[in-house]
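Novice: What shape does this take:
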Amino acid sequence: MMPGSFHTGSRVVRRFLALVVVILLAAGATAAWWLHAPMPVAPRAGVAPGEPLELAIEPGTTPRGVAQAVAAAGVAIDPRVLYAWFRVSGQDRLIKAGNYEIPVGTTPRELLQKLVRGEEALRAVTLVEGWTFRQVRQALAREEQLKPETAGLPEAEIMQRLGRPGVAAEGRFFPDTYTYAKGSSDLAVLRRALHAMDKKLEAAWAQRAADTPLKSADEALTLASIVEKETGRASDRAQIAGVFTNRLRIGMLLQTDPTVIYGMGEKFDGNLRRRDLQTDTPWNTYTRAGLPPTPIAMPGKAALLAAVQPERTQALYFVSRGDGTSHFSPTLDEHNRAVNRYQRGQQ
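Specialist: From the prediction side, this is the model:
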């Protein structure tokens with residue numbers, strides 16, 4: 001070996017190793033930058049530049065397929081590079097199927113976190129207190145991202161699919177706001193609302209007054225639906241329930257307009273006439289005693305509690321004052337005077 005050749009060789013090795021280290025550091029820095037850099041989005045026809053991308057991952061999709069789906073959704077990225085990141089992360093098998101929204105500016109690291117956590121894009125639909133089942137169906141049908149599995153189905157078939165054959169749908173769904181992922185079934189939303197009402201009704205019935213004339217939780221649900229429709233102001237709710245409870249207790253006709261209107265269905269044109277009050281239907285509480293055969297709308301939690309814990313009152317009548325509140329009367333004479341005053345403008 002020539003003198004100094006050992007040292008020369010060592011210097012070459014050191015330089016080579018230093019170069020490798022530099023390359024590795026540069027690669028690491030580049031990778032770190034790439035992981036935290038916003039992914040570019042390809043131009044999309046008919047879509048505003050700032051709109052998020054929609055990504056659908058079907059069950060059973062491989063990590064490689066997920067990377068390809070991301071690129072197909074509009075992310076300007078090489079799916080092979082993205083797939084490599086999934087593999088290197090060690091979380092490629094943890095990616096969950098679902099419907100996602102990818103906001104513009106999302107980084108590869110954020111994307112993988114979203115997919116692993118299953119942070120699907122959620123929409124929301126609100127079912128309003130006092131709505132009928134027909135209105136509920138209309139609201140669900142307007143949700144473009146819900147799969148319309150119940151479209152065209154009769155009410156009985158819907159209840160059959162929900163596991164409640166022979167049960168009327170009216171009033172059986174709890175009014176609330178329900179979130180859902182894009183592509184979910186409207187039947188799934190109904191099932192959640194049904195179970196929510198089951199729990200609310202069970203809880204309310206467990207708190208019923210000892211002397212209630214109601215014989216079952218179903219009767220409580222029906223009375224609550226009437227209270228819901230009759231209440232103009234929340235502060236009157238318990239007293240309205242008390243009036244109907246008093247009438248039920250003594251066998252007096254409920255004589256409540258909302259039940260008549262419900263029984264008229266689509267025939268109701270916004271005006272309730274004397275002949276309508278005299279036309280018998282199963283829901284006409286002017287012609288039939290007791291509660292109607294089904295609820296007439298969806299009651300909220302407050303109406304459910306009012307039905308089972310009504311205010312103790314001597315009132316048997318009430319009439320709207322025209323400002324959202326009601327005047328309550330224990331006798332027919334006083335009630336007639338209140339009607340003349342508030343409904344006919346007589347003093």
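
Novice: Mind listing what's buried along the strand or helix carrying residue 340?
Specialist: Per DSSP states H and E, residue 340 falls inside helix 332-342. Neighbour counts over helix 332-342 (16 or more other CB atoms under 10 Å) mark 335, 337, 338, 339, 342 as buried. C-beta coordinates here come from the backbone N, C-alpha and C atoms, glycine included.

Novice: repeat for stretch 230-242
Specialist: Residues 230, 231, 236, 237, 238, 239, 240, 241, 242 are the ones in stretch 230-242 that count as buried (16+ other CB under 10 Å).

Novice: thinking again about what came up before, may I ask which of the buried residues of helix 332-342 comes out lowest in pLDDT?
Specialist: Of all the buried residues of helix 332-342, residue 342 has the smallest pLDDT value, namely 85.

Novice: what's near enough to touch residue 194?
Specialist: 162, 164, 172, 173, 174 (CB atoms under 8 Å, 6 or more residues apart in numbering).

Novice: Then the last one would be within a helix, right?
Specialist: I take that to be residue 174. No: counting by DSSP: H, G, I helix; E, B strand; the rest coil, residue 174 is not found in a helix; it is coil.

Novice: Look at it and report its pLDDT.
Specialist: You'll see residue 174 listed with a pLDDT of 98.

Novice: tally of neighbours for it?
Specialist: Using other CB atoms under 10 Å, residue 174 has 23 other residues around it.

Novice: Phi, psi for it please.
Specialist: phi -80, psi 130 (degrees, to the nearest 10).

Novice: wait, isn't it in contact with residue 191?
Specialist: No: with contact defined as CB atoms under 8 Å, residue 174 does not count as touching residue 191 (11.6 Å).

Novice: Spatially central residue for the chain, please.
Specialist: Computing the C-alpha centroid of the chain and ranking residues by CA atoms, centre = their mean puts residue 178 first, at 1.5 Å.

Novice: Quick one: classify it as helix, strand or coil.
Specialist: Here residue 178 is recorded as strand under three-state DSSP.

Novice: Would you mind naming the helix or strand containing the nearest residue to it once chain neighbours are set aside?
Specialist: In space, and not counting its chain neighbours, residue 178 is closest to residue 189: 5.2 Å by CB to CB, 6 or more residues apart in numbering. Using DSSP H and E, the element containing residue 189 is helix 186-206.

Novice: Show the subsequent helix or strand relative to that helix.
Specialist: Following helix 186-206 toward the C-terminus (DSSP H and E): helix 217-230.

Novice: State the next helix or strand along the chain beyond that next one.
Specialist: Beyond helix 217-230 on the C-terminal side, the first helix or strand identified by DSSP H and E is helix 237-250.

Novice: Identify each buried residue in the next helix or strand after that next one, please.
Specialist: Using DSSP H and E, the helix or strand that follows helix 237-250 in sequence is helix 257-264. By 16+ other CB under 10 Å, the buried positions in helix 257-264 come out as 258, 259, 260, 261, 262, 263, 264.

Novice: Tell me where the model's unsure across the stretch 101-250 of the chain.
Specialist: Within the stretch 101-250 of the chain, no range satisfies pLDDT under 70.

Novice: quick one: the strands in the stretch 1-150 of the chain?
Specialist: For the stretch 1-150 of the chain, the strands defined by DSSP state E, counting those that start in this stretch occupy 53-57, 98-102, 122-126.

Novice: Need the CA coordinates for the second one. PDB is fine.
Specialist: The reference is to strand 98-102. The C-alpha coordinates for strand 98-102 follow below in PDB (Å, rounded to 0.1, in the frame of the first residue of the first chain):
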ATOM      1  CA  GLY A  98     -67.000   6.300   3.900                       C
ATOM      2  CA  ASN A  99     -67.900   9.600   2.300                       C
ATOM      3  CA  TYR A 100     -65.500  12.400   2.900                       C
ATOM      4  CA  GLU A 101     -65.000  16.000   2.100                       C
ATOM      5  CA  ILE A 102     -61.400  17.100   1.400                       C
END
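
Novice: per-residue pLDDT, residue 340?
Specialist: 89.

Novice: State the distance from it to residue 333.
Specialist: Residue 340 is 11 Å from residue 333, where distance means CB to CB, to the nearest Å.
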